[in-house]
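Novice: kindly generate the corresponding structure for this input.
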Amino acid sequence: MNDIYIGKIVNTHGLLGEVRIISKFAYKESVFQKNVPIYIGSKRRKHLILSYRKHKMYDMVFLDGVDSIEKAELYKGMDVYAKREDLNVDGYYDEDLLGLHVYVKETDKGEIIDILENGAHKILVVGKRRYMIPYVDSFIEKIDLENRRIDIIEMEGLFNED
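Specialist: Modelled structure (predicted):
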């Protein structure tokens, strides 16, 4: 998957075309920089970031070609993406982990269906039973994207079947 989901444009700000983005993307600092391209909506319209600032819980961005509130309003509610090759990130994106199968001692516990934030760390939500697995290095033995699997260390009580 080449497109990485960054967040959603939730509103405009001011009259000059600034947009408010809600983003939980872990590597924002590699995206929200001057002249970095982002892609908006299902048609993936390309725009370069002209400026960026934080405001409360929002990521505030001016985009090239969007210089009025009327133009900015056209993007309200649209998803924002970046291209994988435009980012310089060490590690895995959440999108890379979704759909991987979780194994404990060669037993498949299901696939990762969601990734949640709890403030301290991320939590992998696995399978129909919605097992909650802390996504921390001490629990992860190996991530193998090629074979679509994550091996984790067995933890007492994590997979209680009652």
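Novice: could you measure from the residue nearest in space to the middle of the chain over to Gln33?
Specialist: The residue lying closest to the centre of the chain (C-alpha atoms, centre = their mean) is Phe25, at 4.1 Å. Counting by C-beta to C-beta, to the nearest Å, the separation of Phe25 from Gln33 is 13 Å. Bear in mind the C-beta positions are built from the backbone N, C-alpha and C, glycine included.
Novice: does the residue nearest to the centre of the chain touch Lys8 like I think?
Specialist: No: if you go by C-beta atoms under 8 Å, Phe25 and Lys8 don't touch, sitting 10.9 Å apart.
Novice: coming back round to it: the residue nearest to the centre of the chain and Met155: what is the separation?
Specialist: 28 Å.
Novice: same check on Asp64?
Specialist: From Asp64 over to Met155 (counting by C-beta to C-beta), the distance is 49 Å.
Novice: now do Gly14
Specialist: Taking C-beta to C-beta, one finds Gly14 at 50 Å from Met155.
Novice: in what helix or strand does Lys8 lie?
Specialist: Lys8 belongs to strand 3-13 when elements are defined using DSSP states H and E.
Novice: what pairs with that strand, and is each one parallel or antiparallel?
Specialist: In the sheet, strand 3-13 lines up against strand 18-22 (antiparallel), strand 79-83 (antiparallel) (DSSP bridges).
Novice: so who does the residue nearest to the residue nearest to the centre of the chain when sequence neighbours are not counted touch?
Specialist: Nearest residue to Phe25 in three dimensions, chain neighbours excluded: Ile6, at 4.8 Å (C-beta to C-beta, 6 or more residues apart in numbering). By C-beta atoms under 8 Å, 6 or more residues apart in numbering, the contact set of Ile6 is Ile21, Ser23, Phe25, Lys28, Val31, Ile38, Val80, Tyr81, Ala82.
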